[in-house]
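In: Pasted the sequence and its predicted model underneath.
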Amino acid sequence: MKRSMAVLVVAAGLCQGCRGQGAKDWVAHKQVGGFSVEAPRGWNLRADPKRGSLEIQGTNREQVVAWPLFIPGRLEGASAAPVLRKLATALLPDARWEPAQPQGSSAIRANGRAGDRLAVSALTWVNTPKGAACYLYALAAPEASYRQNEDTFARVLSSLRVTGAASGSQPAAPAFERWQDPRENAFSLEVPRGWKTTGGMFRYASVDTRAAWETVSPDGQVRITGGDAELPTFTLPTQMLTMAGFREGSWYSPGYGVNMMVRRYLPGVAFAREYVTAKAARGCSDVTFTDSRERPDFVQAINAVNAQSRNLGVAISLTVGEVAFTCRQSGQPMSGYYFAGTQLTQHPAGGLWNVEHLGGFLAASGKAAEAQAVLGRIVQSIQVNPQWASMQQNIAANTSQIVSRTHQEISKTISDSYWSRQTVTDELSRRRSNAILGVEDVVDPQTGREIKVESGSNHYWLDHRGAIVGTDTDTRPNLDFRALIRRP
């Protein structure tokens, strides 16, 4: 749904029974904090650059508030109702709201009362692959004059447009600014101006890089994080690893400088709960989870693509979950939210898993809505530097060759007698390593070159371009291929 259509729908829903546009003297405001709108002469307009909302105050305590925001996750009628209640309470703290009612498939509306004023709030949204783009509206006016103001409210809402900063204008304090990864220039994101932001791309090995960032509000009341550089890749426990002395909780290195922790797989929601308890809410007391759920809607399309890898003997799956919680920090009530996506890659010899997505916030209870909106804006704004991504891909492709050449040079310094004593030990080590990594060794009879290939096929073939194909039968793929010999 386009934004202009969404406003008309909300205006109609908020002002049921409107009777025209009235005879007030109207003023067109072209640029107020990134909005353009028409309002009766004498009404005051105030933009909140930190929140990104616009408030219009009438001469008789009339009030119109508009707030565009982005919420991680997909909104539906049932899930949108508590969001509307929480956000509407942030706009009109003294209002009491009735249960929300649907207004079509992507809008809901709630009536309320704020003292002697009647109030109405509405939320419209458009779901995107990254989350829900929303517009929140709230109206209030004294009960005695509310009906007379319905046509005025309708015209204000129908004229409202989000324009961004005017061309050539220089706002005193832009709400957001772009922050660049200071470590490797790998990514950038938008954060609120004046907030303290740290982090970057942390490199633990040539093929082990971990992005993490943290931003904290000037008053320290909101802390938002994404990723965690302390989280490694995990390898599933197997009988082979146990026999080699690598039990759950221990560290195992497959090479290339990479260190993995042996650990059973945790789905997204289970990992999110554990992460909050162990780290995100560290220093808090009375941690209570108020919501905890899987989000299969996030990953349906991704897992459909991953299913194609099963034809290669590898199964890849992603699960996402989210949790909301409350706690107390230094006696102050806090609210928090975290989402986590864990990806599991399995092959016949075992499997690996990692935390593919992680983010959330811990905020003073009165600032939870602000934190949620800022988190959504940050996640939506993340950009990866394509030059860094290309460089990293080349590093990963070349690492195996680099390690192999390095080991060859080192081996020249070791005597033949040593290697003769280690023949049996090395053969056992080779077989154990191959079993753990899910690979096996084959030899090109034409050149004598030994090659590691992914296990799972009965026969392997090599063509003149260097492409390797595995088959279950001894039928040659085509005339360009020659048979490779499997090592025992």
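Out: Great, that's in hand. Residues are numbered from 1 along each chain as shown.

In: Next, count neighbours for the nearest residue to residue 368 once chain neighbours are set aside.
Out: Nearest residue to residue 368, sequence neighbours excluded (CB to CB, 6 or more residues apart in numbering): residue 335, at 3.9 Å. Quick note: C-beta positions are derived from backbone N, CA and C, even for glycine. For residue 335, the neighbour count with other CB atoms under 10 Å is 21.

In: And for residue 151?
Out: Burial of residue 151 is recorded as 18 neighbouring residues (other CB under 10 Å).

In: hang on, it in a helix?
Out: Yes. According to DSSP: H, G, I helix; E, B strand; the rest coil, residue 151 belongs to a helix.

In: so who does the residue nearest to residue 368 touch?
Out: 324, 325, 326, 362, 363, 364, 365, 368, 371 (CB atoms under 8 Å, 6 or more residues apart in numbering).

In: And the residues you listed, which of them are buried?
Out: Buried subset of these (neighbour count, 16 or more other CB atoms under 10 Å): 324, 325, 326, 362, 363, 364, 368, 371.

In: before we move on, back to that, hey, what's the residue nearest to residue 368 bridged with?
Out: Under DSSP bridges, the beta-bridge partners of residue 335 are residue 326, residue 363.

In: pLDDT wise, what is it at?
Out: On the pLDDT scale, residue 335 is placed at 90.

In: next one: residue 441
Out: According to the prediction, residue 441 has pLDDT 83.

In: how close does the nearest residue to it once chain neighbours are set aside sit to residue 452?
Out: Of all residues not flanking residue 441 in the chain, residue 487 sits nearest, at 4.2 Å (CB to CB, 6+ apart). As judged by CB to CB, to the nearest Å, residue 487 and residue 452 stand 10 Å apart.

In: list the contacts for the residue lying closest to residue 360 once chain neighbours are set aside?
Out: Of all residues not flanking residue 360 in the chain, residue 338 sits nearest, at 3.1 Å (CB to CB, 6+ apart). Residues counted as contacts of residue 338 (CB under 8 Å, 6+ apart) are 272, 275, 276, 280, 322, 323, 358, 359, 360, 361.

In: mind listing what the residue nearest to residue 441 touches?
Out: Neighbouring residues of residue 487 by CB under 8 Å, 6+ apart: 440, 441, 442, 443, 450.

In: same question, residue 99
Out: 81, 110.

In: Distance of it relative to residue 89?
Out: Residue 99 is 14 Å from residue 89, where distance means CB to CB.

In: repeat for residue 484
Out: Look at residue 484 and residue 89: by CB to CB, they are 68 Å apart.

In: The two: which is more packed in?
Out: Per other CB under 10 Å, whichever of residue 484 and residue 89 has more neighbours is residue 484, with 23 against 18.

In: My guess is the more buried one contacts residue 444. True?
Out: Yes. Residue 484 is in contact with residue 444 according to CB atoms under 8 Å; the separation is 5.9 Å.

In: Strands - which of the contacts of residue 338 land there?
Out: The strands, defined by DSSP state E, take in 322, 323, 358, 359, 360, 361 from the contacts of residue 338.

In: what about the residue nearest to residue 360, distance to residue 281?
Out: Taken as CB to CB, the span from residue 338 to residue 281 is 9 Å.

In: re earlier: overlap of the contact sets of residue 487 and residue 452?
Out: By CB under 8 Å, 6+ apart, the residues touching both residue 487 and residue 452 are 440, 441, 442.

In: which of those has the most neighbours?
Out: Counting neighbours by other CB under 10 Å, residue 442 comes out on top of these with 23 neighbours.

In: Pull the contacting residues for it.
Out: With contacts defined as CB under 8 Å, 6+ apart, residue 442 is in contact with 450, 451, 452, 453, 460, 484, 485, 486, 487.

In: what about residue 203, distance to residue 392?
Out: Here residue 203 is placed at a distance of 9 Å from residue 392 (CB to CB).

In: same check, this time on residue 471
Out: Counting by CB to CB, the separation of residue 471 from residue 392 is 33 Å.

In: And for residue 142?
Out: Noted for residue 142: a distance of 61 Å to residue 392, by CB to CB.

In: try residue 116
Out: For residue 116 relative to residue 392 (CB to CB), the value is 62 Å.

In: which of these two has more neighbours?
Out: residue 392 (19 against 9).

In: Please name the nearest non-neighbouring residue to residue 357.
Out: Closest residue to residue 357 apart from its sequence neighbours, by CB to CB, 6+ apart: residue 341 at 3.4 Å.

In: Then residue 252?
Out: Distance criterion CB to CB, 6+ apart; nearest residue to residue 252, sequence neighbours excluded, is residue 246 at 4.6 Å.

In: Now do the phi/psi pair for that neighbour.
Out: Per-residue torsions, residue 246: phi -100, psi 90 (degrees, to the nearest 10).

In: do the same with residue 212
Out: Per degrees, to the nearest 10, the backbone of residue 212 is at phi -150, psi 140.

In: I'd say it and residue 198 touch.
Out: No. Assessed by CB under 8 Å, residue 212 is found out of contact with residue 198, at 9.1 Å.

In: Compare these two (neighbour count), which wins?
Out: Using other CB under 10 Å as the criterion, residue 212 and residue 198 rank with residue 212 on top: 18 against 12.

In: distance of that one from residue 387?
Out: Separation of residue 212 from residue 387 (CB to CB): 21 Å.

In: Can I get the contacts of residue 338 in CSV including neighbour count?
Out: Output for the contacts of residue 338, formatted as CSV (neighbours: other CB atoms under 10 Å):
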residue, neighbour count
272, 30
275, 20
276, 25
280, 24
322, 22
323, 26
358, 22
359, 22
360, 25
361, 24
